[in-house]
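Engineer: predicted model follows, preceded by the sequence.
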Amino acid sequence: MKTETFKHSVEEIRELAYRAEITLRAFLDEFQRRRGGRGNFLDILKRCACILNEVVAIHGIGSDIKEINIKMDTFTRKLPNYGTRSLSEGDRSSFSSIAGKGLELRRTYSHTEENNFVGFEDDIRKVVASLLNENKGQPTFRAILIRGMGGQGKTTLVRKVYHLPNIRRHFQGFAWASVSQQWNRKDILQRILISLVPQENRDEVRRMLEVELVRSLHDVQKEKKCLVVLDDVWSPDVWEIIKPAFPSGENVESKILLTSRNSGVVSKMDDCFIHELKLSSDKESWQLFKKVFSKSTDLKIDEDRENLGRQMVQCCKGLPLAIVVLGGLLRQKHTLLEWEQVYRNIGSYLKGGKGINEVLAYSYQDLPYQLKPCFLYLGLYPEDHDIELEQLYLLWIAEGFISPKEIRGQETSMDVAQCYMEELVQRCMVQPQQPNEYMGKVEHCQIHDLMRDMCLLKIEEENFLEIVHFPSEENTSSSTAFGSSKIHRLAIYGYDTGDKFSSILVKLRARSQWVRSLLLFFDGRLFDQSSKQICFFIRKLKFLTTLLLERNFIHQNKRQFEKVIEKSIHLRYLSCKNCSIEEIPSSIVKLRYLQTLDLRSVSTIHIPNLLWKMEYLKHLYLPDAFKTERKLRLEGLVNLETLVNFNSNRCDIHDLCKLSNLRQLKDAHVIEDNREIINLCNNITSPNKKRPLSLQDSSIHFRLCSFNSEEELKLLKQLLTGNPFIKVSVITAHIKEMPTLSHDEISSSNLTCLQLADLELEKDPMPVLEKLRNLRSLGLHFAFLGRR
């Protein structure tokens, strides 16, 4: 009873905190409106006419604040009855040490293929033998299904097999597609075919209709030996629907490797070998625990810790995921007393047969308080989704999850967000994906199905987020989609279904007056009526701070989008990525709190030449193609940290040296004029009085330039070796020979990717290029005119 009362009190405090935030924003609205009213005679008349409304509004805000204070006093007096205490400075600072590790301790994560792999030797042998047809006297199979329960290591096993040298030698094409419960036929076929065709044909694949995808995928698997992995298949319908794209017959040497929790998914396949995974033995379980625990810690497992550890590991019932999470949890505990506390908290549940869920749930409870909302935010992404880390970090920042108190020295909020993610990875709650081969950074992550299930349960308990799927109306929340609890964050997925879509929005509207974050993910174009409904829905969200619009939204609705911007004055994050928007309204400068603006539209977009006035903007993503009056001004963006798609034809390159906080310059284009390159190199390659921070990661395209005279070759040499901030460079220019590089010049180069095109080289460039020690990727396109 006491626990239930405490739980109810926590829920009330949480709702009270949301209400306090809304009240403060209402007060700021009123304050800004009153300040804006000063000015000419007409403004004064308007103020006089509205004076009564202002008095009423201020009185209402004051009453709300008084009521909140009374309730907080009541809750504070009750806290000792529950055995709770206030956070001390020591408690708060203990987590600050995570962010305080600093940039020097950050490291790129290992690809999941190599992580936490113990046992499976016999499983690997059997699967490989089936794939290579090595079982003499036994029938050959076109498909192999790896079946096991969630968290048992199906994907880990398949990934290990997928990368084995003998498998890479045997097959000529490789493709991997995660299917999961929410799957789309065209998307799966497209992803597989893109992996199997040459790079230059991939754009053509993206334009194909479904019937063309089926035919092309069928043909390519007949022409060469391919290995296609279908990971996390849930329904037999998947194979029935995509079967026409996979050839059959004795002469077909391509293979299909599937993973599933249900052997019934291949019930309609005639030639499929089913391999059942076994749970880990006690010996393997302990080996796995020790491997996870010893990673990134010098702490030794003494006799007392081993005794406790073995008991907890044994109760994980041989499930690898539970063991990995337990190991990640305990490596954060440095004393025997802390180990005993973990054992007491989860031991009884483990012995009661609830081990798996309880280990996962306890890993969440043990998180520092700052990390809990960051973890819950992962629940808004679909199952098996590759989560873009940069976008996730920016959303965390916009939500206020990153405390300014944890930013130290020259670090930024993005640096602290990266530390948060590192901590989640260290605790084995998030799976990092393979690092970008050019930048050396991890750019995507995933969350395991079971961990996501636990995340969704916590989201429901804490009324943290509501997820609605169209057209099924399936939702994840603290109540039914049309219940009484207020929605604070709302994510909507699916595709437009016309009237049904609009009616659901109407029903959600009654509970959405406190929504602070709205994330919309749509497949395909919206109907005009639905687009209007969404715009109207957004305009009613007075306290919105985060607005993410993904894919084909508000096409041809300039005025509707303008009204959305005018009403969303609290926005900190606005993304129109992959949307069909023709023009950004000039009223966007009224978003005085905006920190992130992503304009990477699928069409050419008109941008008002007013962005320079948005002094609080920190992250600006320009579209590939845009129009503006004269060159786009950027000099006023003194807080800008990230700039993407800068183009010297459309922006003034001299503005870059005035961006004193710029840290990332990505996919920048410098066109035709060598003087622009000199300005770029001289102004932003190293710290100076105007630029206290130097760039960290940059990728720059130099197009239609000339490097033939002695001075021009010096400039080319500087581009290749003298700019440590440039990691990716694409040069399209007239060059007859490469410059000679000294040992010191070579050692200073940080180039990881170099693309050279249309150079007209008469001498072999390789004696120079092979000396660039950090180069990981080199592309030569119509670059060499000399003899072989």
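Structural biologist: Good, I have the coordinates. Quantities reported herein were computed from a predicted structural model and do not represent experimental measurements.
Engineer: going forward, measure contacts and count neighbours with C-alpha atoms only.
Structural biologist: OK.
Engineer: what is the burial count for Asp232?
Structural biologist: Neighbours of Asp232 under the rule other Cα atoms under 10 Å: 24.
Engineer: typo on my end, it should be Gln138
Structural biologist: A count of neighbours around Gln138, defined by other Cα under 10 Å, yields 9.
Engineer: which SS class is it?
Structural biologist: coil (DSSP: H, G, I helix; E, B strand; the rest coil).
Engineer: what's the spacing between it and Glu276?
Structural biologist: Distance, Gln138 to Glu276, using Cα to Cα, to the nearest Å: 18 Å.
Engineer: next: Lys186.
Structural biologist: Distance, Lys186 to Glu276, using Cα to Cα: 30 Å.
Engineer: hey, where'd the helices end up in the stretch 101-250 of the chain?
Structural biologist: For the stretch 101-250 of the chain, the helices defined by DSSP state H, counting those that start in this stretch cover 121-131, 154-162, 165-170, 185-196, 202-206, 210-223, 236-242.
Engineer: Phe543: which of these is closest?
Structural biologist: When the helices of the stretch 101-250 of the chain are compared by Cα to Cα, helix 185-196 sits nearest Phe543, at 35.4 Å.
Engineer: before we move on, back to that, okay if I get the helices of the stretch 101-250 of the chain as TSV plus mean neighbour count?
Structural biologist: Shown next, in TSV, are the helices of the stretch 101-250 of the chain (neighbours: other Cα atoms under 10 Å):
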stretch	mean neighbour count
helix 121-131	16
helix 154-162	20
helix 165-170	12
helix 185-196	18
helix 202-206	13
helix 210-223	17
helix 236-242	15
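Engineer: dump those into CSV; add distance to Ala20 and mean pLDDT as well.
Structural biologist: CSV is the format used below for these (distance: least, Cα to Cα, whole Å; pLDDT from 0 to 100):
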stretch, distance to Ala20, mean pLDDT
helix 121-131, 56, 88
helix 154-162, 45, 89
helix 165-170, 58, 92
helix 185-196, 44, 89
helix 202-206, 48, 84
helix 210-223, 51, 91
helix 236-242, 48, 84
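Engineer: with adjacent residues omitted, what lies nearest to the spatially most central residue of the chain?
Structural biologist: For the chain, the residue nearest the mean C-alpha position is Glu388 (2.1 Å; Cα atoms, centre = their mean). Spatially, and ignoring its direct neighbours in sequence, Glu388 is nearest to His444 (4.7 Å; Cα to Cα, 6 or more residues apart in numbering).
Engineer: which residues touch the one you found?
Structural biologist: By Cα atoms under 8 Å, 6 or more residues apart in numbering, the contact set of His444 is 386-389, 432-434.
Engineer: top of the residues you listed by neighbour count?
Structural biologist: Busiest of the contacts of His444 [other Cα under 10 Å] is Pro432, holding 25 neighbours.
Engineer: hang on, that residue packs against Gln446?
Structural biologist: Yes - counting by Cα atoms under 8 Å, Pro432 does reach Gln446; the two are 6.4 Å apart.
Engineer: okay, now the closest residue to Ser280 other than its chain neighbours: neighbour count?
Structural biologist: Excluding its sequence neighbours, the residue lying closest to Ser280 (Cα to Cα, 6+ apart) is Gly318, at 4.5 Å. For Gly318, the count of nearby residues is 21 (other Cα under 10 Å).
Engineer: isn't Gly318 right up against Leu277?
Structural biologist: No - in this structure, Gly318 is not within contact of Leu277 by Cα under 8 Å, at 11.5 Å.
Engineer: for stretch 625-633, output the C-alpha coordinates as CSV.
Structural biologist: Extracted in CSV, the C-alpha atoms of stretch 625-633 (Å, rounded to 0.1, in the frame of the first residue of the first chain):
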residue,chain,number,x,y,z
ALA,A,625,19.7,23.5,-53.5
PHE,A,626,18.2,26.8,-52.4
LYS,A,627,17.4,30.3,-53.7
THR,A,628,17.8,33.6,-51.8
GLU,A,629,18.1,37.3,-52.5
ARG,A,630,21.8,37.9,-53.1
LYS,A,631,24.2,35.8,-51.1
LEU,A,632,22.9,34.3,-47.9
ARG,A,633,24.2,36.2,-44.9
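Engineer: gap between it and the chain center?
Structural biologist: When distances are taken as Cα atoms, centre = their mean, to the nearest Å, stretch 625-633 is centred 29 Å away from the chain's centroid.
Engineer: residues in contact with it?
Structural biologist: Residues outside stretch 625-633 that contact it (Cα under 8 Å, 6+ apart): 603-612, 649-652, 655.
Engineer: of those, grab the buried ones for ChimeraX.
Structural biologist: Selecting just the buried residues from the contacts of stretch 625-633 in ChimeraX takes one command, with 16 or more other Cα atoms under 10 Å as the test:
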select :603,604,605,606,607,608,609,610,611,650,651,652,655
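Engineer: which of the contacts of stretch 625-633 has the weakest pLDDT?
Structural biologist: Scanning the contacts of stretch 625-633 for pLDDT, the smallest score is found at Ser603, 78.
Engineer: how about the contacts made by the residue nearest to the centre of the chain?
Structural biologist: Under the criterion of Cα under 8 Å, 6+ apart, the neighbours of Glu388 are 443-445.
Engineer: find the nearest non-adjacent residue to Asn774, please.
Structural biologist: Asn774 sits nearest to Thr752 (Cα to Cα, 6+ apart), 5.3 Å away.
Engineer: check contacts around Thr740.
Structural biologist: Thr740 is in contact with 717, 768, counting by Cα under 8 Å, 6+ apart.
Engineer: from here on, call the first residue 43.
Structural biologist: Happy to do that; since the first residue is 43 now, the last one works out to Thr782.
Engineer: helices of the stretch 343-492 of the chain, start to end?
Structural biologist: Here the stretch 343-492 of the chain has its helices, by DSSP H, counting those that start in this stretch, at 345-356, 362-372, 378-391, 397-407, 413-419, 431-441, 455-468, 491-504.
Engineer: and those, which one is worst for confidence?
Structural biologist: Looking over the helices of the stretch 343-492 of the chain, mean pLDDT reaches its minimum on helix 397-407, with a mean of 71.
Engineer: quick check: closest non-adjacent residue to Asp697.
Structural biologist: Glu677 (4.8 Å).
Engineer: pretty sure that neighbour contacts Lys700?
Structural biologist: Yes - the pair Glu677 / Lys700 is scored as a contact, 5.7 Å apart, by Cα under 8 Å.
Engineer: how far does the helix or strand containing Val334 sit from its chain's centre?
Structural biologist: Here Val334 sits within helix 324-336, counting by DSSP states H and E. Distance of helix 324-336 from its chain centroid, counting by Cα atoms, centre = their mean, is 30 Å.
Engineer: what about that helix, average pLDDT?
Structural biologist: Mean per-residue pLDDT for helix 324-336: 87.
Engineer: for the nearest residue to Asn691 once chain neighbours are set aside, give me its contacts.
Structural biologist: Computed as Cα to Cα, 6+ apart, the closest residue to Asn691 that is not its neighbour in sequence is Ile713, at 6.8 Å. Each residue near Ile713 by Cα under 8 Å, 6+ apart is listed here: 689-691, 744-747.
Engineer: at 7 Å what do you get?
Structural biologist: 690-691, 744-747 (Cα atoms under 7 Å, 6 or more residues apart in numbering).
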